[in-house]
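Asker: Need a 3D model of the following:
(3 chains)
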Amino acid sequence: MYDSGKIIAGLIIFIVIASLPFTLNLGKAAAKPDPSINTFAINQMAKKQCVESKAYMKTTHMQMLNNWRDEVVRDGNRLYVASDGKEYNMSLQNTCMHCHSNKAKFCDECHNYVAVKPYCWDCHIIPKEGAFVPVATKAAPVPAAVPGPVNVHFAVGKYDIPAEAQHGLAALAAYLQKNESASVVISGYTDKTGDPAKNEELAKNRAKAVREVLRAAGISDERIVMKKPEVITGGADNAEARRVDVSIAEGKGV
Amino acid sequence: MGVNRREFLKFVSISTLLGLGGTAVAASVKKEVESSGPYIPDPKALNAKRWAMAVDMSKFKSDEDVQKCIDACHQIHNVPEVDPAHPTQEIKWIWTESYERAFPGNEDEYLAAHYKHMPFLVLCNHCENPPCVRVCPTKATFKRHTDGIVMMDMHRCIGCRFCMAACPYGARSFNFRDPRPFIKKELNPEFPTRTKGVVEKCTFCYERLARGMQPACAEVSNGAIAFGDLDDPDSPVRKVIDNNFTVRRKPELGTHPSVYYVIGGKEHA
Amino acid sequence: MLEKALKGGRTYWTWVAALLAVIGVGVACYIYQFFMGLGITGMSRDVSWGFYIAQFTFLVGVAASGVMVVLPFYLHDYKAFGKITILGEFLAIPAVLMCMLFIFVDMGQPLRVLNVLLHPTLNSVMFYDMCVLAGYLVLNILVGWTSLGAERKGIAPPKWVKPFVILSIAWAPSIHTVTAFLYAGLPGRHFWLSAIMAARFLASAFAGGPALLIILALIVRKYSKFDPGKEAIQTLGKIVTYFMITSTFFLGLEFFTAFYSGIPGHMQSFIYLYKGLDGHHQLVPLMWISTIFAVAALCILVFPFLRRNETILAIAAAMVFISLWIDKGFGLIVGGFVPNPFEGITEYWPTTPEFLIAAGVWAIGFLVLTILYKIAVSIKEESGGEAIH
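Answerer: The predicted structure is shown next:
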């Protein structure tokens, strides 16, 4: 063999490079992926059921998302009729991630394991981890009777839900899940100070923030009635005025 | 029916594994699936043959009125703000231009200053005969056969920017960089952002129409922007066109824009 | 035959090393662009195509011009071109390659390039452009490689090559016509919306390409024992002369239509390029260099006694090439975007990384050209240079 030295050296280099993926990972056992479904929205579900069966979702969610996108963007179809007849809004961000609000513990678990990096998150917004978690995950009590109105109080100029209000809302949400005919009325208020136009916007935002919590618990939009009060600056004093009133109404549509 | 959807999808995924053939099969059988009904429009959705808009300039009382429309759109669609280091690479969906810039070729030095300095809201015209759609090599921008909206499929755009060269209205923006750091206001969690390297523009709020809402700019315009079906004689947009003298931008190019402007509207008469 | 490219002298390896260095810098800059996005270029919302696409446009012309030596040799049995046909074919290969690379570096989402094939769109000129460019590349590799292989063995090329040669001759104008259609069919871009765009493209290509070929032939003669032949070079000189006259004439036609009609949209881009518009005149010096070079080259070329002197011919060829490169490889594309659809002006100038990426692509082209020419010339040196057909 001519140039046997060069050929053998070349072969050795080739083998070393070709086997790098194995040698580099030698002795490092990758942990088995264990996607978690421990989120507020999923815990609130009476029956933990995804759009389709678990096995189907496991193997086909990527094709499904592709089809969803084409249907929504290209054909203007918004709803997916699942095999059990239930209808879902076809949206990664607003439907999938609404329940699976724990991207790191759900999506990434498997994606990292198989070393794929879907570019979903270049555009789609990752839900804030644990946005609705704190009190609620401790299984809020499900009241049998209609719960009384809940008042959520806010800080000046703010519309993020304070932690102490979560419990009350979780109870409302749990009731709504049990009683499918019930709906809920949300009204936002502000105090008297400041620019009226801005206040109106703020009142609306406060109401919306509450709606988000209920949505996160799987309450559909048609069961949430956003009612604009005639005077938005109602209340005994300013602290009392900065609130959202949430009350249960039996029967749809109010 | 011989196959149910599950079986069909299984068949497609297996044939996809076997090669590109699966895609062809999927494309040919897809219609059948649609008719079997797993995908349906939202019953709340607003429908039209051809969506159109009429902007009545006389109903904008102040610059804030106009700005409100721009802000509403840019806020809910997560449109990034101008990067001060690269102002010429900005992204905008709806913005204002002077008469001369919005209607070049119609300049007149004696035009009354009032009209000259009107802040004309300009956006994608959703042309009936869109040049951008004609040139796109991947159908990433396309005219929806259902409602005439000129759409963008952000997943498919390859960023060749042929559409930007083709659009005679300068309606399109390219993501020269990752837009996320420039979205200063709070993200709208219900709408995606874009990624670097794709073209974007106004979509007539297709995502709101699909849920029964008016486009954001029309909603906050206090009636200055009428929106509706151009094909329906009773639609708000046709009412405006019927009762006012309207103009469109660069009609001579044969693109048939769907955005109409009322300039000397009755509010001023 | 590739082994021929592995044997060379000091000059050859120094040249190759220099090209590799430029490629290295270009690749590094491209990686930067890949992660940062096209924001690192000088392009903008208004001037959405820049240096890359302009280079692409110019190089399609260079690629198409190979037909100028292939056609007389194969169709008219013009023997003097027998020696340089392969140079023409082997110039087309790196030129098409550079075209594809320039398109690639210009893409916002390069990883999605296959979408063009996954969703073929018959109403998009860009789809056809991709098809004809790929076809032309295959044709030239096929014809060039086969006939050179035959020459090496001292036999006539196989008969089946002939139909492909004829096809490549018909194909060459198509690639540049389709490229012109990218621009000439866009409403609202007055500067490009001209029926003679494709004719202009072809005329300038058939002047610029052979001009480059003259320079390459002279370099080959200087650095190897292979002589492409005096007559061949002189004939190329004639081709350059006629097409440069045609190209300038066509440009004159554009000027007439724009300025005699007096339609603002048609005039503005010309005014911007040659005089400056509303205080913006970044490209004016470049365009005047192009004009002066074109006029000077024509003054030389139209006199046969001047262009018979190969040194003078080389200078004229270089001026033609540079003049057309500025005109088509810069002004034509940028000019189309100024003024913008609102009749406002955004100026464009490539940034350093953008320029370095372009230089890297050119270096890749030259590297491929060098290797192909090295192979061809080595075989020519052995066989005495006459192609058989």
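Asker: need the contact list for C:Gly229.
Answerer: C:Ala80, C:Lys83, C:Ile84 (Cβ atoms under 8 Å, 6 or more residues apart in numbering or on different chains). Bear in mind the C-beta positions are built from the backbone N, C-alpha and C, glycine included.
Asker: taking these one by one, which sit in strands?
Answerer: The members of the contacts of C:Gly229 all map outside strands under DSSP state E.
Asker: Relative to A:Arg69, which of those is nearest.
Answerer: Nearest to A:Arg69 among the contacts of C:Gly229 is C:Ile84, at 53.9 Å by Cβ to Cβ.
Asker: what's the closest non-adjacent residue to C:Arg152?
Answerer: Nearest residue to C:Arg152, sequence neighbours excluded (Cβ to Cβ, 6 or more residues apart in numbering or on different chains): C:Ile379, at 4.8 Å.
Asker: Can you spell out which helices and strands pack onto the host helix or strand of that neighbour?
Answerer: Here C:Ile379 is covered by helix C:352-383, with elements defined by DSSP states H and E. Packed against helix C:352-383 by the contact rule (3 or more Cβ pairs under 8 Å, 6 or more residues apart in numbering or on different chains; DSSP states H and E) you find helix C:10-36, helix C:51-64, helix C:85-106, helix C:125-153, helix C:197-223.
Asker: Next SSE downstream of the longest one?
Answerer: Moving toward the C-terminus from helix C:125-153, the first helix or strand encountered (DSSP H and E) is helix C:161-184.
Asker: can you tell me if that next one touches chain B.
Answerer: Yes: contact of helix C:161-184 with chain B (Cβ under 8 Å from any Cβ of the partner chain) involves C:Leu182, C:Tyr183.
Asker: in that helix, what counts as buried?
Answerer: Buried residues in helix C:161-184, counted by 16 or more other Cβ atoms under 10 Å in any protein chain shown: C:161, C:164-165, C:168-169, C:171-184.
Asker: In the stretch 51-200 of chain A, what residue lies closest to chain C?
Answerer: A:Tyr119 (9.0 Å; Cβ to the nearest Cβ).
Asker: From B:Thr195, how far off is that residue?
Answerer: Taking Cβ to Cβ, to the nearest Å as the measure, A:Tyr119 and B:Thr195 are separated by 7 Å.
Asker: now C:Pro173
Answerer: Taken as Cβ to Cβ, the span from C:Pro173 to B:Thr195 is 39 Å.
Asker: what's around the residue nearest to C:Arg152, how many residues?
Answerer: Residues lying near C:Ile379 (other Cβ atoms under 10 Å in any protein chain shown) number 19.
Asker: Give me the pLDDT value at it.
Answerer: Listed pLDDT for C:Ile379 reads 87.
Asker: secondary structure element for B:Gly105?
Answerer: Using DSSP H and E, no helix or strand contains B:Gly105.
Asker: contact partners of stretch A:111-119?
Answerer: A:Ala30, A:Ala31, A:Lys32, A:Pro33, A:Met62, A:Cys107, B:Thr195.
Asker: Wait, the fourth one touches A:Phe106, no?
Answerer: Read it as A:Pro33. No: using Cβ atoms under 8 Å, A:Pro33 is not in contact with A:Phe106; the gap is 10.0 Å.
Asker: out of the two, which sits in the more crowded spot?
Answerer: Neighbour comparison, A:Pro33 and A:Phe106: the larger count goes to A:Phe106, with 20 against 12 (by other Cβ under 10 Å).
Asker: Tell me the secondary structure at that one.
Answerer: At A:Phe106 the chain is in helix, as set by DSSP: H, G, I helix; E, B strand; the rest coil.
Asker: Check C:Val69 too.
Answerer: Applying three-state DSSP: C:Val69 is helix.
Asker: Report how many residues lie close to it.
Answerer: Residue neighbour count, defined by other Cβ under 10 Å, stands at 31 for C:Val69.
Asker: Who are the contact partners of the residue nearest to it when sequence neighbours are not counted?
Answerer: Nearest residue to C:Val69, sequence neighbours excluded (Cβ to Cβ, 6+ apart): C:Gly88, at 3.6 Å. C:Gly88 makes contacts with C:Ser65, C:Gly66, C:Val67, C:Met68, C:Val69, C:Val70, C:Leu213, as judged by Cβ under 8 Å, 6+ apart.
Asker: so which of the helices and strands packed on helix C:352-383 is the most packed in?
Answerer: Of all the helices and strands packed on helix C:352-383, helix C:51-64 carries the top mean neighbour count, a mean of 26, counting by mean count of other Cβ atoms under 10 Å in any protein chain shown.
Asker: That helix to helix C:197-223, inter-axis angle?
Answerer: 70 degrees (axes from the mean of the first three to the mean of the last three Cα atoms, to 10 degrees).
Asker: now helix C:51-64: mean pLDDT?
Answerer: Helix C:51-64 shows a mean pLDDT of 95.
Asker: Report all helices and strands that it contacts.
Answerer: Using 3+ Cβ pairs under 8 Å, 6+ apart as the contact criterion, the elements in contact with helix C:51-64 are helix C:85-106, helix C:125-153, helix C:161-184, helix C:197-223, helix C:310-326, helix C:332-336, helix C:352-383.
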